[in-house]
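1. Here you go, sequence then predicted model.
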Amino acid sequence: MTGTARPLALVLAAGTLMSVRPTPTYSAEVLAYLDPSARFASLCGGKSGGSMRVQLALAAAAIGGAGQAAAPPP
């Protein structure tokens, strides 16, 4: 009996310990940092001026006429 009682007690103790877990508490700052909608807002023209949309528009405007030859004056 002692050959099976000890492993069974260890399995029951491990199961009990695995089922008990503390409730996580997160600060408002951490939750705001983990918010996926806030992370993607900067890509689509969020509140900051340095969004990906603005950067791409500036890059396209800068190189937009680079490949075209200047038209001769009339």
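-> Ah, there it is.

2. Other residues contacting the helix or strand encompassing E29?
-> For E29, the host element (DSSP states H and E) is helix 28-33. For helix 28-33, contacts defined as CB atoms under 8 Å, 6 or more residues apart in numbering pick out A38. In short, each C-beta sits where N, CA and C put it, glycine included.

3. can you map out the helices along this structure?
-> 2-19, 28-33, 36-41, 52-63 (DSSP state H).

4. any low-confidence regions in the protein?
-> Residue ranges of the chain with pLDDT under 70: 1-2, 41-51, 65-74.

5. what about 80?
-> Counting by pLDDT under 80, the ranges of the chain that qualify are 1-3, 19-24, 37-56, 64-74.

6. I'd like the helices of the chain as a markdown table, with mean neighbour count appended.
-> Below are the helices of the chain laid out as a markdown table (neighbours: other CB atoms under 10 Å):
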| stretch | mean neighbour count |
| --- | --- |
| helix 2-19 | 9 |
| helix 28-33 | 9 |
| helix 36-41 | 10 |
| helix 52-63 | 11 |
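
7. do you know how far Q55 is from A61?
-> 11 Å (CB to CB, to the nearest Å).

8. for R6, same thing?
-> Shown here: R6 relative to A61, a distance of 75 Å by CB to CB.

9. Distance-wise, check R6 relative to L17.
-> 16 Å.

10. and if you look at T23?
-> Remark: distance between T23 and L17 (CB to CB) = 16 Å.

11. And L31, by the same measure?
-> Taking CB to CB as the measure, L31 falls 28 Å from L17.

12. Check P7 too.
-> Applying CB to CB to P7 and L17 gives a distance of 16 Å.

13. same thing with M52?
-> In this view, M52 and L17 are 47 Å apart by CB to CB.

14. separation between P36 and Q55?
-> From P36 across to Q55, the span is 21 Å (CB to CB).

15. Please apply the same query to G3.
-> 70 Å.

16. and if you look at A9?
-> Noted for A9: a distance of 63 Å to Q55, by CB to CB.

17. now G15
-> Following CB to CB, the distance that separates G15 from Q55 is 53 Å.
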